[in-house]
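Chemist: can't give you the sequence, but here's the structure:
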């Protein structure tokens, strides 16, 4: 139906093309997954289909885009609106109107559909995506999962042939992501819509993908059956990782398949976790309450962040995680409660003193950066912290080696930029480090690098708190987990107990092998020894 | 009453233009009089209608701010009259000592005797301005301004969308500034000479980058959804539309000049203005017809809309008539107590007829 033929794209100041003679065909009613490491050109490839590349990016595009044999490569995006629906990485940024209903109708108004058709399609779309009760709501007041579904509905109402989605679940908590994906599969199965989607969190989408298009990094793609492509892919979800390392054939893609295979493995009882002991008190919060107007967003939360321990903070979008983090750091005003670090309340200190006690990496980490090169950023951080010149650059090098100091911070990859911000925060040597949603936009290798960094920080006596939706990352890095809902702590304890208890927060490995197991490494090691002893 | 006519009275959002028409009528009436009783009466009418028919949009919740601004205008107006009133009027109330000023500011008098005329003049003037401001506030509270922009004629659609986007951008920008300021306090701040400039730059650079990213994302979003698709107009049609619009603009320009410049020939004045307006309207209709765009659930225009607009026009017309028949009621003598006639009272209270409009959705109508 839609066919990319020999697509070659080069950015203006780049020597080598991002996409090099890419061929890809999407059939009617097919869901094709675009996978690959960060920065290999997934978004660029997706942008070619609606025509945003090269119109909004610059650069040179070669090759052809065909719909049912007709070339559309010369049409501007607006003239392709009836063929291709596109939802970008941040759906809120693309909203034009105020309310759900108007947003759904907007695309159809542009296409000039008859009012009666529009009325009918708005109602159909509301039902199809399960958002009928939101119709009059303000778009900006919706939760992340609802916004994503409205954004999909808004392009869907115009009845495009192909839906192009750029990371539709990356910013969502596990439950909201499931809502969105359930809506998508329903569209693919019932309506016969074709979907082309890119996603970092492969564990969420792999079971739904008919085929996978893997960008290999040299501009070429490998397209084929998902199991075949993932066999040698550099980025794979835990389930595939497990299957590959245990030599399972065919490669399982769903939890159900993998569970059947794991039964024959003869796994021993779940291992006892190596319990790390706290070395010092770190940060303690008692009865921390944060109010927004008259509404309590965090209510009487007791939290201990001992040194040497990585604590994960989980919960739905809007559960009060960010508010708690900012209140613990002391920048955000507490309504009530006490926080102490080394016997001092960070809120009572000046901003410059505070960063020496509690470091915080906010959700949009790039907000901290304002200079032109990585070198200048590092130098400014050293000067501000009165640290020895070069200490920030040294910290950065231990986390992500090989960053060109003359690069602009905005040109770094997500993982590199996060490392830079982390280095800037760590220059002040705070004993406590808080991170808000750091894994957003990171691929598996970048997440692994971050996990190693956080582990090392904990081992050198830091108290670390990470707020994250990413179950797999939490299972990999955390010692303890605190789960919040509606501003209150609903469960807290060792990572093994908390994650196993909750169906929505269980990592894939736990779903496959049962409670007690968390990471692929554990299972592979246990399977190896089980095989030897028998 | 037929079924259709009663249905129009069920709770729904009234056409935004209707409320604006009503409010402009009231504001126009306020500008024709300086009688404080009539002004207060008009403010009361506006308040009553707002309380009974306002929506629960965020815009509606700031009506009290308009009232506060109105009060501030009155206070400032009176204070200025006292401070630099100049010595006009005869009935001196308090004889304040005049503060001598250097010759350079000749003609300005600081303090000095306070006359009743200056005091009342300031009060009446302030009240008039305050009433107009409150009427605009009432229109804002009764009709969502964004819906007003959305009901622009098809030819002005692009302008309307741009305005809607601009209105949405401001709160986002404020939020962005707050976020970046908080974030910048998380990194050790560099000391030294350039500190002030640095601190501005530290907020400005990320905020601008953020704003740029957002605008690009919005533009991309609008473009991929078909904003600005070309209609099916031929070259000849486009030329005709262009010619009509251009002719209209020239006509209006010359006409306005003729109206304002009393020495210009009379045929250049009103006839030219009318011709220009007619050409412009024809151009807009022509260009609107070739736009391949439709509107989802356009606000209907039924008899309550007509009543509401008619009420505004009637109030204005009644005050214009009274200006001729009872000039002393509308422009009371500054030395005597102002009076109100039955006719003037009725004219102001006529604004309450707008209460016939259906209540906004989500309320149970008369119970509130």
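Modeler: Everything's here; your move. On a predicted model such as this, the values are computed, not experimentally measured, just so you know. Numbering: from 1, shown residues only, chains lettered A, B, ... in the order given.
Chemist: care to break chain B down by domain?
Modeler: The record's domain parsing of chain B by automatic domain parsing lists B:7-151+B:300-367, B:155-224, B:235-290.
Chemist: Looking at these, which is nearest to residue A:389?
Modeler: domain B:155-224 (12.8 Å; C-beta to C-beta). (C-beta placed from N, C-alpha, C; glycine too.)
Chemist: re earlier: just put the domains of chain B in a markdown table and tack on mean pLDDT, mean neighbour count and distance to residue A:61.
Modeler: Below are the domains of chain B laid out as a markdown table (pLDDT from 0 to 100; neighbours: other C-beta atoms under 10 Å in any protein chain shown; distance: least, C-beta to C-beta, whole Å):
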| stretch | mean pLDDT | mean neighbour count | distance to residue A:61 |
| --- | --- | --- | --- |
| domain B:7-151+B:300-367 | 85 | 18 | 36 |
| domain B:155-224 | 79 | 16 | 16 |
| domain B:235-290 | 81 | 15 | 29 |
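Chemist: Out of those domains, flag the one nearest chain A.
Modeler: Closest to chain A of those, according to C-beta to the nearest C-beta: domain B:155-224, at 2.8 Å.
Chemist: hmm, the closest one touching chain A?
Modeler: Yes. Contact of domain B:155-224 with chain A (C-beta under 8 Å from any C-beta of the partner chain) involves B:161, B:164-165, B:168, B:179-180, B:182-192, B:201-202, B:205-206, B:209-210, B:213-214, B:216-224.
Chemist: Just give the number of residues close to the closest residue to residue A:165 other than its chain neighbours.
Modeler: Leaving aside its chain neighbours, residue A:165 sits nearest to residue A:197 (4.2 Å; criterion: C-beta to C-beta, 6 or more residues apart in numbering or on different chains). For residue A:197, the count of nearby residues is 24 (other C-beta atoms under 10 Å in any protein chain shown).
Chemist: Residue A:197 and residue A:31 touch, don't they?
Modeler: Yes. Assessed by C-beta atoms under 8 Å, residue A:197 is found in contact with residue A:31 at 7.0 Å.
Chemist: Between the two, which contacts overlap?
Modeler: residue A:184 (C-beta atoms under 8 Å, 6 or more residues apart in numbering or on different chains).
Chemist: Setting the sequence-adjacent residues aside, check what's closest to residue 189.
Modeler: You didn't pick a chain, so chain A it is. residue A:29 (7.9 Å).
Chemist: Can you look at chain B instead?
Modeler: residue A:384 (5.3 Å).
Chemist: What of residue B:94?
Modeler: residue B:114 (4.6 Å).
Chemist: Return the list of helices and strands in contact with the helix or strand that neighbour falls within.
Modeler: In this assignment (DSSP states H and E), residue B:114 forms part of strand B:110-115. Strand B:110-115 makes packing contacts with helix B:63-84, strand B:92-99 when contacts are defined by 3 or more C-beta pairs under 8 Å, 6 or more residues apart in numbering or on different chains; DSSP states H and E.
Chemist: Give the pairing partners of it; include direction for each.
Modeler: Counting by DSSP bridges, the strands paired with strand B:110-115 are strand B:92-99 (antiparallel).
Chemist: how about the residue lying closest to residue A:429 once chain neighbours are set aside, what does it touch?
Modeler: In this structure, residue A:429 finds its nearest non-sequential neighbour in residue A:356, 6.7 Å apart by C-beta to C-beta, 6+ apart. By C-beta under 8 Å, 6+ apart, the contact list for residue A:356 reads A:385, A:428, A:429, A:430, B:188.
Chemist: which element is residue A:356 on?
Modeler: When elements are assigned from DSSP H and E, residue A:356 belongs to helix A:351-357.
Chemist: Next: residue A:32.
Modeler: Using DSSP H and E, residue A:32 falls within strand A:31-35.
Chemist: Run the chain-centre distance for the next helix-or-strand element following that strand.
Modeler: Sequence order places helix A:42-48 as the next helix or strand after strand A:31-35, per DSSP H and E. A distance of 18 Å separates the centroid of the chain from that of helix A:42-48, by C-alpha atoms, centre = their mean, to the nearest Å.
Chemist: Identify all contacting residues around helix A:42-48.
Modeler: With C-beta under 8 Å, 6+ apart as the criterion, helix A:42-48 contacts A:4, A:7, A:9, A:18-19, A:22, A:24, A:34-36, A:53, A:56-57, A:61, A:65, A:86, A:89, A:164-166, A:196, A:198, A:213, A:215, A:221.
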